[in-house]
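Here is the input, now give the coordinates:
(one chain, ligands or ions: 2)
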Amino acid sequence: MDLFSELNNPNKNYLPKDGIVNYYGSIIPNEEANVYLKKFLENIQWVNDTLYIAGKHIITDRKIAWYGDRPFELNYSSTKKIGHPWINELLELKVKIEDITNETFNACLLNLYHTGEEGVGWHSDSEKGAVASLTFGATRKFVFKHKKTKEKVEFNLRGGDLLVMRGSTQIHWVHRLPPTKKVKEPRINLTFRTINL
Ligand SMILES: O=C(O)CCC(=O)C(=O)O
Ligand SMILES: [Fe+2]
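Residues are numbered from 1 along each chain as shown. Ligands and ions are numbered 1, 2, ... in the order given. Alright, predicted model coming up:
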């Protein structure tokens, strides 16, 4: 976010009320982050996401993949999704993030936005407990909006940045990744979560 983002205080709550968002800044050096980005572009089992909106199935350009402690099936945005067992790189990052955040996770949702023209619309995550978001690739805007007051809180998430949503954030706030024509490069986002496996 700025030159001194390494010095971000991870205890600061960026939401004015009704939830907790902690921003840790960069937790992975650029070079290392780019190695992960390349690895994930090539080795993750990406599939198109299908959303069920207003009675219609919509196939997104954005791709997703689920990984976790063991192979699993889950209903996510009303279509069945397959969860794959951890690959080494994801397990490595899970342990690192558990260390940094003092939380535990058993699954990860990966999102691949091929260019800035792909994003994700307003929603809350359905998992109880903390959701840790780790970004690779292009810098993109990530926005929270309070469900009642419509107050907004914005972040510019860069490759290597970690942000954690805690407490009642998902109950009172929605979030989105707005599309932008300015960004041509891909972005991969990992959200570590606790789901019923
Ligand atoms: O790509 C992001 O930064 C957010 C993705 C997201 O909100 C989600 O997968 O639930
Ligand atoms: Fe989300």
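
Which residue does the protein have closest to ligand 1?
N189 (3.2 Å; Cβ to the nearest ligand atom). To be clear about C-beta, it is placed using only N, CA and C from the backbone, and glycine gets the same treatment.

For the helix or strand containing that residue, which strands pair with it and how are they oriented?
Per DSSP states H and E, N189 falls inside strand 187-193. Sheet pairing of strand 187-193 (DSSP bridges) gives strand 107-113 (antiparallel), strand 131-137 (antiparallel).

quick one, which of these is packed in tightest?
Most buried of the strands paired with strand 187-193, by mean neighbour count (mean count of other Cβ atoms under 10 Å): strand 131-137, with a mean of 25.

Quick check: next helix or strand after that strand?
Assignment by DSSP H and E places the next element after strand 131-137 at strand 140-146.

orientation of that next one relative to strand 107-113 in degrees?
Put simply, strand 140-146 runs at 120 degrees to strand 107-113, going by axes from the mean of the first three to the mean of the last three Cα atoms, to 10 degrees.

Just the CA coordinates for the following helix or strand past strand 140-146, please, in PDB.
Per DSSP H and E, the first helix or strand lying C-terminal to strand 140-146 is strand 152-157. C-alpha atoms of strand 152-157 as PDB (Å, rounded to 0.1, in the frame of the first residue of the first chain):
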ATOM      1  CA  LYS A 152     -16.600   1.300   2.000                       C
ATOM      2  CA  VAL A 153     -13.100   0.200   2.900                       C
ATOM      3  CA  GLU A 154     -10.600  -0.300   0.100                       C
ATOM      4  CA  PHE A 155      -7.200  -2.100  -0.300                       C
ATOM      5  CA  ASN A 156      -4.700  -2.400  -3.100                       C
ATOM      6  CA  LEU A 157      -3.600  -6.000  -2.800                       C
END
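
And ligand 1, is stretch 44-60 touching that?
No: if you take Cβ under 6 Å from any ligand atom as the test, stretch 44-60 misses ligand 1, and the best it gets is 9.1 Å.

mind checking how far that stretch is from the chain centre?
Between the centre of stretch 44-60 and the centre of its chain there are 17 Å (Cα atoms, centre = their mean, to the nearest Å).

Let me see the residues that make contact with it.
61-65, 77-79, 84, 87, 110, 112, 118 (Cβ atoms under 8 Å, 6 or more residues apart in numbering).

If you count neighbours, what's buried in it?
44, 46, 49-51, 60 (16 or more other Cβ atoms under 10 Å).
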